[in-house]
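**Q** Please find the sequence and the predicted model below.
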Amino acid sequence: MAYLDERKIVTREKRLSSLSHFNGTLEQLKNESGGSEIKQRIRTFTQINEDEIIAALRALSSIEQAAVVVHGVAGCASSGLFFNFEHEGNVYSTNLQEKDTILGSDSKLHKAISKIVEEVNPKVIFIVGSPVIAINNDDVNSVIFELEDEFNIKLIFVYSDGFKTKTSLGAYDIISHSILKKITEKSEEKENFLNIISFSEKEESLKAIESLLAEIGIESNVFPRFGSVDKIKKTGKATATVVLSADEGAYLAEELRDSFGVPYIKTDAPIGLQGTNSFLRNIAKVFGKEDEAEKIIQEKEKDFQKALSDQILSEKKIYFDGKLSDTPRFFTLFTRLGGEITGFSVQTLDLENRSVLQRLDAVPSLTPVIVGSGQYFEKANALSKLKPDYYISQTGSVSFAADQGVLPVSLKNSQIYGYSGINEIIKAIKSASIFTATTTSLYKEGWLKKSGSWYVKQETK
């Protein structure tokens, strides 16, 4: 279903019955997500949960020819400074004070936009919402209507406020909706290149995929993260679109298909040998590059037989924390390295990605599963009971795992895609093996003895 005719995209909870709170077994999760709606749960206590504003800044701060102004207090924009360390960007704040929340903040937004135009003269300015203006109900669209003509520039309001959704991934839907309505150009004529949708991937990972595709003669157009306004404009002309993380970018790919006529290639993430092979074959088929892809696949399979046969995870138990769409290929890689999955955590589950659970048949039905970003206290509880050898995280902090006597492996800053990504993942695991985990937990013994689902309750209406 196309949503571009709507003024703004509805939340994942309403659109996809998205689940952000769960602590139970794989069997329970499959049973509770099998109907037309997913049974909802709530957490009566939550810990360190990333919100949609942080996710929005992660995706927007690296777009070339664009600037970002966070309309709110200075603290709401602070994470933008962190993302600027990764990639030079232009993030500003309207720096609202108490009186602004009472008397109105139109003048500060006007001043911030004027400053941005004067200093960097971008093609697009993204105005990111915040809890403050959501409470005050500021009429940002009226300011946009006035200033777009005055400065002859596209101003795009990103409707993030930190209240409407429980999953930070919803920010990527909001951004997708905004850029397709305001930047992407419709075209009947198609060009011979592939859209690659990225919202949170490392730049090195994206370059690895671009390089791999270039080897078989396919041009890539990466966006929105590490893309540009010009790259976003031409996305409607692509031969096809692929998403590196379906959890994050499926909505954008679907709208490009339904509203712009760009086919969506649904494929596994290029993680591990089998995942990368499948990724290449599916894309090569669309572009008529099957022979070129097969040649590379055959060469790489020979190169990686030794690395994968070393069984560095032999007789080791693994607890994995990552994106649900990536779990099948990570699990395949860990198993091929000799490991055993004893538990895992994912950010969110919804009607679109729940089918991934059916691909985890090799994982025992009573394997513990946590759904929700952050929540390290629940993960510490699980680690204290399961006692795995490794805690491998794709998305977040790992230091707490060492306090539970588990070797922590962070892949957050690693290049994980393609054939070169296999070496990087193995390297990260080997590096963790040289450390000695502690047994002094940050969490009290009373909590660790409780059921990990203590604060997760069935939602009642």
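**A** Looks like it arrived, so ask away.
**Q** Go through this protein and flag its longest helix.
**A** Counting by DSSP state H, the longest helix found in the chain is helix 290-309.
**Q** if you average pLDDT over it, what comes out?
**A** For helix 290-309, mean pLDDT is 89.
**Q** Are there helices or strands packed against that helix, and which ones?
**A** Judged by 3 or more Cβ pairs under 8 Å, 6 or more residues apart in numbering; DSSP states H and E, the packing partners of helix 290-309 are helix 203-215, helix 272-287, helix 418-432. C-beta: built from backbone N, CA, C; applies to glycine.
**Q** any chance of those in CSV, plus mean neighbour count?
**A** CSV is the format used below for those (neighbours: other Cβ atoms under 10 Å):
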stretch, mean neighbour count
helix 203-215, 19
helix 272-287, 21
helix 418-432, 19
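**Q** Of those, which is nearest T438?
**A** Within the helices and strands packed on helix 290-309, the stretch nearest T438 is helix 418-432; the backing value is 13.7 Å (Cβ to Cβ).
**Q** how about the nearest residue to L29, chain neighbours excluded?
**A** Of all residues not flanking L29 in the chain, V369 sits nearest, at 5.3 Å (Cβ to Cβ, 6 or more residues apart in numbering).
**Q** Give me the buried positions along the longest helix of the chain.
**A** Neighbour-count burial for helix 290-309, with 16 or more other Cβ atoms under 10 Å as criterion, is recorded at E292, A293, I296, I297, K300, F304, L308.
**Q** Over to stretch 44-61?
**A** 46, 50-61.
**Q** Go through these and flag which are in helices.
**A** Assignment to helices by DSSP H places the following of the buried residues of stretch 44-61 there: E52, I53, I54, A55, A56, L57, R58, A59, L60.
**Q** Quick check: the third one touching S168?
**A** Yes: checked against Cβ atoms under 8 Å, the pair I54 and S168 is within contact range at 6.5 Å.
**Q** Can you spell out which residues form a bridge with the residue nearest to L29?
**A** Beta-bridge pairing for V369 (DSSP bridges): G24, F344.
**Q** what number of residues lie near it?
**A** One way to gauge burial is a neighbour count; for V369, by other Cβ atoms under 10 Å, it gives 23.
**Q** Quick check, pLDDT for it.
**A** pLDDT for V369: 98.
**Q** quick one, what contacts it?
**A** F22, N23, G24, T25, L26, Q28, L29, G343, F344, S345, V346 (Cβ atoms under 8 Å, 6 or more residues apart in numbering).
**Q** The fifth one contacts D361, doesn't it?
**A** Spelled out, that is L26. No: in this structure, L26 is not within contact of D361 by Cβ under 8 Å, at 9.9 Å.
**Q** Looking at the two, which one has more neighbours?
**A** Neighbours per residue (other Cβ under 10 Å) separate L26 from D361, with L26 holding more: 20 against 9.
**Q** For the stretch 51-200 of the chain, which segments count as helices?
**A** 52-60, 78-86, 98-103, 106-119, 131-136, 140-151, 170-182 (DSSP state H, counting those that start in this stretch).
**Q** quick one: contacts of the last one?
**A** Applying Cβ under 8 Å, 6+ apart, the set of residues contacting helix 170-182 from outside is 3-4, 6, 8-9, 11-12, 18, 52-53, 55-56, 59-60, 124, 126, 154, 156-160, 164, 199, 224, 232, 248-249, 251-252, 255-256, 259-260.
**Q** okay, now Y319: neighbour count?
**A** By other Cβ under 10 Å, the burial measure for Y319, its neighbour count, is 26.
**Q** Please give the element, helix or strand, for it.
**A** Element membership of Y319 [criterion: DSSP states H and E] is strand 317-322.
**Q** Determine the set of other helices and strands touching that strand.
**A** Here strand 317-322 touches helix 327-336, strand 340-346, helix 376-386, strand 390-393, going by 3+ Cβ pairs under 8 Å, 6+ apart.
**Q** Deepest in the core, which of the ones you listed is it.
**A** For the helices and strands packed on strand 317-322, the stretch with the most neighbours on average is strand 390-393, a mean of 25; neighbours defined as mean count of other Cβ atoms under 10 Å.
**Q** next helix or strand past it?
**A** Immediately after strand 390-393, counting by DSSP H and E, sits helix 399-402.
**Q** now what about that following helix, what contacts it?
**A** Residues from elsewhere that reach helix 399-402, judged by Cβ under 8 Å, 6+ apart: 319, 376, 379-380, 383, 391, 393, 407-408, 435, 437-438, 442.
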